[in-house]
Structure formats: C-alpha cells, structure tokens
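**Q** Give the three-dimensional model of this entry:
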Amino acid sequence: MKIVRVRLPGEEIAYGAVEPEGIRIHQGTPFLAWEPTAGLIPFADAHLLAPVFPTKVVCVGRNYAEHAAEHGVAVPDEPVIFLKPSTAVIGPGAAIVIPPGAGEVHHEAELAIVVGKVSHRVPAEDASAYILGYTAANDVSSRTLQKKDGQWTRAKGFDTFCPLGPAIETEVDPLGLRISCSVNGELRQDASTEDMVFGVAEIFAFVTRVMTLLPGDVVLTGTPAGVGPIRPGDRVEVEIERIGVLLNPVVAGS
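**A** Predicted coordinates for the structure are as follows:
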C-alpha cells in the first residue's frame, strides 16, 4: 500500500491510500486507526504534502562506503547519527529554499524509514514490526557551513532542508532498491540500498537504543556517492524504486 498525506479544500489535512483511480481519503491516521471514506481525489487534483510530519528526523551519516570516500573520511564502525528539526520537512513539489549565507548546498538522496509505533530498545530482528514503511528523502546540506561549524546541525537544519515523499510504501523490502538523484535531468547519484554499510534493521535497533522513536518519526539511512551542488532554478528529483519520485524546485531565500 502507498500512503499519502493531502491537503483538502478548506485547508483540512487527511491521509489517503493510492488506488488505481486516485487517492482514497481515510478517516484517522495509519499510526492508530483509520478507515476508508467515500472520498476519492483524482491524482491531477491532489495536493500532496510530506507523507508524515515527524517529531524528529534522525539521520545516519557515512553509511555508503563510496560516499565516505568522496569526502575523504573513513567508514565508521557504528552508525553516526544526527538530527534534523521537524521544521525542515517539506513535501513533494515544495521549494527547497537556499538562505543567504548558506554557501554551497548539496543534494543527498536517501531511503527514509517511517516509524509505525513507539519504539524503544527494539532488537534488530524485531525492527520490521515497528516500521510502517519507507519513503524517499533529500538530506539537503550546506557544505560551506558543515565545514565551518565542524558539526552538522546548522548545515542540515534550515527550513525546507528535508524534503520527504511522495508516499509511504508499506509493502516493500528495503534491501536492494535502486536509489538515484537527478538535477535538471542530469543523473548525479545512482546506487542500491544494498550498498549501505549498516542495514535498516541494524540502524533502527541502534537509534532506538539511544532515543525513543514515536509514530511518524523518520530515520534517514544515509546517501550514496555522487552528491553535488544545487542552485536556485534547479529541479531536484530523488527516485527510489517502488516508492516513487520526490521532485522539488530550488529557490533563493531572502
């Protein structure tokens, strides 16, 4: 099942499931209880939002060996984690805003885990029971500020620096999915989730030993090699096999 979050007329926000003819609106949320309604929105009329609005976004750095190599750093012996604020999250079609002073800003295509229920110290072998599904993410990052600050909070925490979407796929095996990123139609990143140093279950177990994850929280699993600059006027497309294409334009902030 593909789950989306949409803005309805009158600014109401609802969850829905993708059907062949459009999006079936549901009452409730997929994290507690939900049921289909008679409402069906044609795809052309759907205003998609980020498929979740998390309390936090936990990210994993250096989780693809070739990406670590392109930055001249070693592959870690355990996951390196950091946080993005929920206010960085935007949905498909929304603009990535590059603020003044951000300097060189890069795209980072990533597979995102969407948490389905409260998760605390979950063993790796049980991780799938706590995961609702997977979506695509772009861990937008200011390389200039990352180098200047020596840590990643400001560089990766600006508003709009965490596009998510277009949907949560609940019935996909995260191993061996093709993940790519194109800028203005030019392919920049092209890899497989099979290339991750730490797999989904291992990451999930590690993170939940550090902090409790809540329903709707998101864990980004790292980016493959090929990251590069994005500039105002660009169109960035992150695509993950069986999940979909997350497209966002880039604009200059003021």
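
**Q** what residues are up against the nearest residue to Gly244 once chain neighbours are set aside?
**A** In space, and not counting its chain neighbours, Gly244 is closest to Pro166: 4.8 Å by CB to CB, 6 or more residues apart in numbering. All C-beta atoms are positioned from the backbone trio N, CA, C, and that covers glycine. Each residue near Pro166 by CB atoms under 8 Å, 6 or more residues apart in numbering is listed here: 4, 48, 51, 91-92, 135-136, 244-246.

**Q** TSV for those residues, including secondary structure, distance to Gln27 and neighbour count?
**A** Formatted as TSV, the contacts of Pro166 follow (DSSP: H, G, I helix; E, B strand; the rest coil; distance: CB to CB, whole Å; neighbours: other CB atoms under 10 Å):
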residue	secondary structure	distance to Gln27	neighbour count
Val4	strand	15	26
Leu48	strand	19	19
Pro51	coil	17	29
Gly91	coil	21	22
Pro92	coil	23	23
Thr135	strand	22	29
Ala136	strand	26	29
Gly244	strand	24	19
Val245	strand	28	14
Leu246	strand	27	27
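
**Q** Closest one of these to Thr160?
**A** Gly91 (10.4 Å; CB to CB).

**Q** Just the buried positions in stretch 137-150, please.
**A** Buried residues in stretch 137-150, defined by neighbour count with 16 or more other CB atoms under 10 Å: 137-143, 145-146.

**Q** ditto for stretch 95-108
**A** Per 16+ other CB under 10 Å, stretch 95-108 contains these buried residues: 96-98, 102, 104-108.

**Q** hmm, who's touching that stretch?
**A** 90, 138-145, 158-161, 163, 181, 183, 188-189, 223, 227-232, 236, 238, 248-254.

**Q** Dump it to CSV, restricted to CA.
**A** The C-alpha trace of stretch 95-108 is given here as CSV (Å, rounded to 0.1, in the frame of the first residue of the first chain):
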residue,chain,number,x,y,z
ALA,A,95,10.6,24.6,-2.9
ILE,A,96,13.9,24.0,-1.3
VAL,A,97,14.9,27.5,-0.1
ILE,A,98,18.6,28.3,0.0
PRO,A,99,19.0,31.0,2.6
PRO,A,100,21.6,33.8,2.4
GLY,A,101,25.0,32.7,3.7
ALA,A,102,24.4,29.0,3.2
GLY,A,103,27.1,28.9,0.6
GLU,A,104,27.5,25.6,-1.4
VAL,A,105,24.4,23.4,-0.8
HIS,A,106,24.2,19.8,-1.9
HIS,A,107,21.5,17.2,-2.5
GLU,A,108,21.6,13.8,-0.8
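
**Q** How far away from the center of its chain is that stretch?
**A** On the basis of CA atoms, centre = their mean, to the nearest Å, stretch 95-108 is displaced by 17 Å from the centre of the chain it belongs to.

**Q** Let me see the mean pLDDT of it.
**A** In this model, stretch 95-108 has a mean pLDDT of 98.

**Q** what ranges do the helices span in the stretch 1-150 of the chain?
**A** Counting by DSSP state H, counting those that start in this stretch, the stretch 1-150 of the chain has these helices, from start to end: 65-70, 143-149.

**Q** Out of the ones you listed, name the one with the poorest average pLDDT.
**A** Ranked by mean pLDDT, the helices of the stretch 1-150 of the chain bottom out at helix 65-70, which scores a mean of 84.

**Q** Show me how far it is from its chain's centre.
**A** With CA atoms, centre = their mean, you get 20 Å for helix 65-70.

**Q** now do stretch 162-177
**A** For stretch 162-177, the distance from its own C-alpha centre to the chain's C-alpha centre is 8 Å (CA atoms, centre = their mean).

**Q** With stretch 31-43 instead?
**A** Per CA atoms, centre = their mean, the centroid offset for stretch 31-43 relative to its chain is 23 Å.

**Q** ok, residues contacting that stretch?
**A** In contact with stretch 31-43 (CB under 8 Å, 6+ apart) are residues 6, 8, 15-17, 19, 21-28, 116-117, 132, 215-216.
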